[in-house]
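Undergrad: From the sequence below, what's the structure:
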Amino acid sequence: MIRRTVMLCAVLPLALSGCAHASPTAAAPGPTATPTGQSWIVVAAGATPSAAATPTPTAPHTPAASGAAVPTLSGSPTPTAVMQTVPSPCVGAHRPGAISVAEVHPGTTSAVVTWYHPGDDSVVDYRATAISQDLVDGPQPQVPWAMVAPHRGCYTVTATVTGLRPRTRYIFAVNADRVLLTQGGTQSLTVARSRVMSTV
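TA: Sure thing, here's the model as predicted:
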């Protein structure tokens, strides 16, 4: 009887343990005691894994007001309007008594005369005349002349005077025929004259 009791005492805990694991309704675990000493589980030190970082948009950099250079965007330059000034036409006037020098290139029976037109709008035409400096007995020849109508602006006028005599000295005078707006008529004004020139 004593031997059966000992065996029963030895087998009973194992049976109870097996029944405890097989039971679907296990008892609720009790409160876990907080360890007071150093944990016996060793955890390797290292970086804690985390979710992939989401890039955070950053605000554009604003340069400081202490003279820092402001970055410029690269690309095609901004077109700028270019203003083109149209030069105004040269406008002048012949003054009475002011006679300029006429340039003359003589030939055998003709001469090329040049003078300056100041842009006088009152000038209707120019008349270049060759005045002989050699005396001729008897009937006098006709005075050669040439007429040129000017246009607007300032430029050098050229006229060719024909009908000259060979080896003859001439003075070439240029007269401007002007319209007098205040008097309602015209005026002939000498504006240029050459020195004595001789034909070939």
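Undergrad: all strands for the protein, in order.
TA: Under the criterion DSSP state E, strands of the chain are mapped to 100-101, 103-106, 110-117, 123-132, 145-148, 155-162, 169-180, 185-193, 197-198.
Undergrad: Determine which stretch of the ones you listed is the most buried.
TA: For these, the largest average neighbour count (mean count of other Cβ atoms under 10 Å) is found in strand 110-117, namely a mean of 21. Just so you know, the C-beta spots here come from the backbone N, C-alpha and C atoms, and that holds for glycine as well.
Undergrad: and it, what does it pack onto?
TA: strand 100-101, strand 103-106, strand 123-132, strand 155-162, strand 169-180, strand 185-193 (3 or more Cβ pairs under 8 Å, 6 or more residues apart in numbering; DSSP states H and E).
Undergrad: looking at the strands of the chain, which is closest to G92?
TA: strand 110-117 (8.6 Å; Cβ to Cβ).
Undergrad: thought T108 was touching S198?
TA: No: in this structure, T108 is not within contact of S198 by Cβ atoms under 8 Å, at 10.9 Å.
Undergrad: Can I get stretch 138-154 as PDB, trimmed to CA atoms?
TA: Extracted as PDB, the C-alpha positions of stretch 138-154 are listed here (Å, rounded to 0.1, in the frame of the first residue of the first chain):
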ATOM      1  CA  GLY A 138      34.300 142.900-129.600                       C
ATOM      2  CA  PRO A 139      31.100 141.000-128.900                       C
ATOM      3  CA  GLN A 140      31.200 139.300-125.500                       C
ATOM      4  CA  PRO A 141      30.500 135.500-125.200                       C
ATOM      5  CA  GLN A 142      27.500 134.200-123.300                       C
ATOM      6  CA  VAL A 143      28.100 133.500-119.600                       C
ATOM      7  CA  PRO A 144      28.100 129.800-119.000                       C
ATOM      8  CA  TRP A 145      26.100 128.500-116.100                       C
ATOM      9  CA  ALA A 146      24.400 125.400-114.700                       C
ATOM     10  CA  MET A 147      21.400 124.900-112.500                       C
ATOM     11  CA  VAL A 148      20.800 122.300-109.800                       C
ATOM     12  CA  ALA A 149      17.600 121.800-107.600                       C
ATOM     13  CA  PRO A 150      18.500 120.700-104.100                       C
ATOM     14  CA  HIS A 151      16.700 118.200-101.900                       C
ATOM     15  CA  ARG A 152      16.200 117.900 -98.200                       C
ATOM     16  CA  GLY A 153      19.200 117.400 -95.900                       C
ATOM     17  CA  CYS A 154      22.700 118.700 -95.700                       C
END
